[in-house]
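Colleague: below: sequence and its predicted model.
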Amino acid sequence: MTENEETIPEEAEAEAETPADTENKQDKVKPVVFIGLFITALLGLGVFDIFLNMEPNGCSMTYMFEYPEYINMKLSEEVNQTFPKYRLLAYGEGEGMNIEKLKAEKFDGIPVLFIPGNSGSHKQVRSLASVALRKAIDDSEFKVHFDYFTVDFGEEYSALYGGVLQDQVKFVSHSIERILQLYRGRKPGQGPTSVVLVGHSLGGLIAKALFTEPEFSPSLVQVIITLATPHTPVVLMDKETHDFYTKIDTFWADSRAASLSHVTLVSIGGGLRDVQVRAGLTQDTHADININSNAAASVWVSTDHQCIVWCKQLVLSINRALFDMIGPISKQITMDNKLRKDIFHYHLLHPSGGKEYDPDNLHPATMTFDMNGYWSDILKRQFTFSKGNVTCNHYSMIKIAIDDPKQRFLTLDAVRMSADDWVFGCKVTKVHKNTRVCEEGENLSSKTSIIPSKGKRKAIHLDLLEMKQKFGYTHIVVHTPVYTEDTRVNIDVYNPRERSISYAVPKWINFWRQFTVVEKTVQGAVFYNLSLTGIDHPWQAYVVKADPSKCLSQDEVQPHCGLAMFITPWANDATQTLLGQGENFTNSISAKLQTSRPPGSNDTTETPQVHFYLDPACTYTITVYPSIPQMMGQMIRFYAPLLLPCMVAVIILIIAFQMRRIESSQYCQSTLLTLLSAVSPVNVVLPSRMVAYLLALGPLAAIFPKTDIEILQSSGLDFGVLPIMMFFAGLGTVFLLTCLAWGTVLLC
């Protein structure tokens, strides 16, 4: 009895306390929100890194010599009624006869159509068109020129509402037909049969979507240049945009090797400065060339989303390529697709010579040397020679001695070398006037690469073992032509095993430490190649420094600068920085990916590399360390769009818990308290992963569209803690926004 008497009150007391205990337990603050705030703070650090640690805008402005004119082109009544908000215009400058010809719709050049993107203006054509106009006047007195047209979409927000995209495609199709009608009446074989398309942002997608129109003839377009175009969507705002992308991708995948094989497609991204469309999204699997502006030869600067249409360095490269495509007889864009690809490759990737591409005369196969010039034998492995005002031809001969393993590779770094043909292989030498000379050399200058610097600079890498065994060369000859001024050539002969260093990057947790890769570079060394193994994920970011530790005195008026280039092998992407002494040089370069590694390429693709072109007067210490701010910047750059659905999920959970509290206790708990006590990633992350896995299975995959997780995995962007990390960030962001809302209410 005693036991029963004691037990009954305890049970009654437990039953009486259960609801209160439950409510107290529910109202307890969980550490989840503090984790969310911490991760949100880290991502906030990334936002600051993106906007405050951004490289300066290195683009030069393009200027019009005369006032620009945008002349409205007449369209059919049917087109005007169907698309009342859209216009087709022609670009002109100044006043006088040329403008009057345009107003009279009399054209005799090569048509180019500029297509603006989301909220883009038709006036963005002016930089490309104005530079083309001046080049035509300077090169041929306007006998061969481009006629630039542009479409006005009324600055529609096509990125936010995909319903207008198909209308824009149809209008551009009508515009192309109308443009070609303007050239009718010219002599057979002289009028254009196609239009060059230049699309900015979503305008590039409009250009690609033209071919999906059943009534559009693919032959009307031979060349497409896309500028900062998201070939992979940044954010899919609606079903229309999703269907638009799917339609284009499917059509190009099926037709690229058939009906679209004649199209030369070039995609140019803006690089790190473009925070609207990151570089990886501008990569197009169907493009002949994918490149970022910071890696494009003679450009070498990153551009923001709007700047890419007026950046002078890029505008010049594009116009040079287009002018080189003009056929000598037809005076129109050549129909040779391979030649067009070679021209773009030359101007954007590998300009080994001058500003014009002439495959027949670019680099003569051989050259007969001046035996009465000044000849010298270079006996040292590391050597630098400078020439002031050269009054006769200078020839420097480097003997190939493959028996010595320390002399297997040669790097030449030429500063202010104006000659396009400057490196040759020599098979036979003889003695002339007590000096060893070479009568004739085989031209190796096509292997030259133009590299960034404060002036003209080029470099070449030669495998001396291959030069000897495959081609039979005994010497490499460096030719400095007569009348050359202030030329400097750095010679570096070395064993590639000593200069090619593979280094496993440290874990991110060691962000507080600097790790020494090279304690001291070889005195007089010009080139080092540092391969960074372990950089496989977009969120990783490291800083590589090359500090000059000891430099010999220099008497040069123009001091020599070193160079560091971070290269991503699976994308035409390279960032660079100059190395030197003084406060103006950081001597560091960020090693971070702009394009994720393709899935399954770990064993087939090289690792990211840093190429160092050093000042031979200095020795350097090379170090590397993880950068937390830049890692967070990468998280923002690649994964910021995921924050919005995570925030929505948090808000839905808050509402759900509040509704449950109303049902059980008849009062609505505050948003902040619910957020602090109830919301947890367990409610979202694991279920969403399971649902995504089920939807990716065979039967369901054919019915439902791809989930975000599946897209991230196929793109090589997913990593283990990504979903939970972004959910925590969404939770912290919602908490801060809620506090801000409450603060606003209380203060106002």
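Modeller: That came through, no problem.

Colleague: look up how far residue 730 lies from the residue positioned nearest the centre of the chain.
Modeller: Geometric centre of the chain, nearest residue: residue 292, 2.9 Å, by C-alpha atoms, centre = their mean. Separation of residue 292 from residue 730 (C-beta to C-beta, to the nearest Å): 30 Å. In this view, the C-beta of every residue, glycine as well, is placed from N, C-alpha and C.

Colleague: can you check residue 425 too?
Modeller: The value you get for residue 425 to residue 730, if C-beta to C-beta is used, is 62 Å.

Colleague: the more surrounded of these two?
Modeller: Higher neighbour count among residue 425 and residue 730: residue 730, with 26 against 21, using other C-beta atoms under 10 Å.

Colleague: which of the helices or strands spans that one?
Modeller: Element membership for residue 730, per DSSP states H and E: helix 722-747.

Colleague: what pLDDT, on average, does that helix get?
Modeller: Across helix 722-747, pLDDT averages out at 90.

Colleague: same deal with stretch 162-175?
Modeller: 95.

Colleague: and what of stretch 542-551?
Modeller: For stretch 542-551, the per-residue pLDDT averages 90.

Colleague: so residue 468 sits in a strand?
Modeller: No - with DSSP: H, G, I helix; E, B strand; the rest coil as the criterion, residue 468 is helix rather than part of a strand.

Colleague: just the strands in the stretch 351-500 of the chain please.
Modeller: 366-368, 374-378, 382-389, 394-399, 409-415, 423-426, 429-432, 435-438, 440-443, 449-450, 457-463, 475-480, 485-494, 500-504 (DSSP state E, counting those that start in this stretch).

Colleague: now the stretch 551-700 of the chain
Modeller: With DSSP E, counting those that start in this stretch as the criterion, the stretch 551-700 of the chain has strands spanning 562-568, 573-579, 588-592, 609-613, 618-626.

Colleague: need the ones you listed in TSV (columns: mean pLDDT, distance to residue 156 and mean neighbour count).
Modeller: TSV is the format used below for those (pLDDT from 0 to 100; distance: least, C-beta to C-beta, whole Å; neighbours: other C-beta atoms under 10 Å):
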stretch	mean pLDDT	distance to residue 156	mean neighbour count
strand 562-568	94	35	23
strand 573-579	91	31	21
strand 588-592	94	34	22
strand 609-613	96	43	22
strand 618-626	94	43	21
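
Colleague: can you list those in TSV and add distance to residue 49?
Modeller: Output for the strands of the stretch 551-700 of the chain, formatted as TSV (distance: least, C-beta to C-beta, whole Å):
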stretch	distance to residue 49
strand 562-568	17
strand 573-579	15
strand 588-592	10
strand 609-613	20
strand 618-626	13
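
Colleague: can you give me the neighbour number for residue 77?
Modeller: 8.

Colleague: now do the phi/psi pair for it.
Modeller: phi -60, psi -40 (degrees, to the nearest 10).

Colleague: show me what contacts it?
Modeller: By C-beta atoms under 8 Å, 6 or more residues apart in numbering, no residues touch residue 77.

Colleague: so how far is residue 83 from it?
Modeller: Residue 77 is 12 Å from residue 83, by C-beta to C-beta.

Colleague: do me a favour and get the end-to-end distance for stretch 424-434?
Modeller: Taking C-alpha to C-alpha, to the nearest Å, stretch 424-434 runs 22 Å from one end to the other.

Colleague: residues contacting it, please?
Modeller: 367, 371-372, 397, 436-445, 467, 471-477, 479.

Colleague: give me the buried stretch members for it, please.
Modeller: Buried positions in stretch 424-434, judged by neighbour count with 16 or more other C-beta atoms under 10 Å: 424, 425, 426, 429.

Colleague: format the residues you listed as JSON lines; extra columns: distance to residue 630.
Modeller: Listed next are the buried residues of stretch 424-434 as JSON lines, based on distance: C-beta to C-beta, whole Å:
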{"residue": "424", "distance to residue 630": "44"}
{"residue": "425", "distance to residue 630": "44"}
{"residue": "426", "distance to residue 630": "48"}
{"residue": "429", "distance to residue 630": "52"}
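
Colleague: out of these, which one has the lowest pLDDT?
Modeller: residue 429 (91).

Colleague: bridging residues for that residue?
Modeller: residue 438 (DSSP bridges).

Colleague: how about stretch 345-355 as CSV, C-alpha atoms only?
Modeller: Listed next in CSV are the C-alpha coordinates belonging to stretch 345-355 (Å, rounded to 0.1, in the frame of the first residue of the first chain):
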residue,chain,number,x,y,z
HIS,A,345,42.9,31.1,-82.1
TYR,A,346,45.7,33.4,-83.2
HIS,A,347,44.2,36.6,-81.9
LEU,A,348,42.8,35.3,-78.6
LEU,A,349,45.1,32.4,-77.7
HIS,A,350,48.4,32.3,-79.4
PRO,A,351,49.5,35.5,-81.3
SER,A,352,53.1,34.5,-82.1
GLY,A,353,53.7,37.4,-84.4
GLY,A,354,52.2,40.7,-85.3
LYS,A,355,48.6,42.1,-85.2
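
Colleague: please shift the residue numbers so they start at 49 in all later answers.
Modeller: OK, 49 is where the count begins now, so the last one is stretch 393-403.

Colleague: show me what it is in contact with.
Modeller: Outside stretch 393-403, the residues touching it (C-beta under 8 Å, 6+ apart) are 314, 316, 337, 339, 344-346, 365-366, 368-369, 372, 405, 410-411, 468-469, 493-498, 620.

Colleague: quick one: buried residues of that stretch?
Modeller: Buried residues in stretch 393-403 (16+ other C-beta under 10 Å): 393, 394, 395, 396, 399, 400, 401.

Colleague: doesn't the third one lie inside a helix?
Modeller: Yes - the assignment for residue 395 (three-state DSSP) places it in a helix.

Colleague: which one is residue 180 nearest to, not counting chain neighbours?
Modeller: Spatial nearest neighbour of residue 180, chain neighbours left out: residue 194 (4.6 Å); criterion: C-beta to C-beta, 6 or more residues apart in numbering.

Colleague: could you count how many residues lie near the one you found?
Modeller: 23.

Colleague: mark which of the contacts of stretch 472-482 are buried, thanks.
Modeller: Using 16+ other C-beta under 10 Å as the burial test, those include 415, 445, 485-486, 489-493, 515, 521-525, 527 as buried.

Colleague: and which of those residues is nearest residue 613?
Modeller: residue 493 (20.8 Å; C-beta to C-beta).

Colleague: residues contacting that closest one?
Modeller: Applying C-beta under 8 Å, 6+ apart, the residues near residue 493 are 400, 401, 411, 468, 469, 470, 471, 472, 508.

Colleague: what helix or strand is the residue lying closest to residue 221 once chain neighbours are set aside on?
Modeller: In space, and not counting its chain neighbours, residue 221 is closest to residue 264: 5.0 Å by C-beta to C-beta, 6+ apart. In the assignment (DSSP H and E), residue 264 maps to no helix and no strand.

Colleague: count of residues packed around residue 264?
Modeller: A count of nearby residues for residue 264, using other C-beta under 10 Å, gives 19.

Colleague: and residue 353, how far from residue 449?
Modeller: Taken as C-beta to C-beta, the span from residue 353 to residue 449 is 53 Å.
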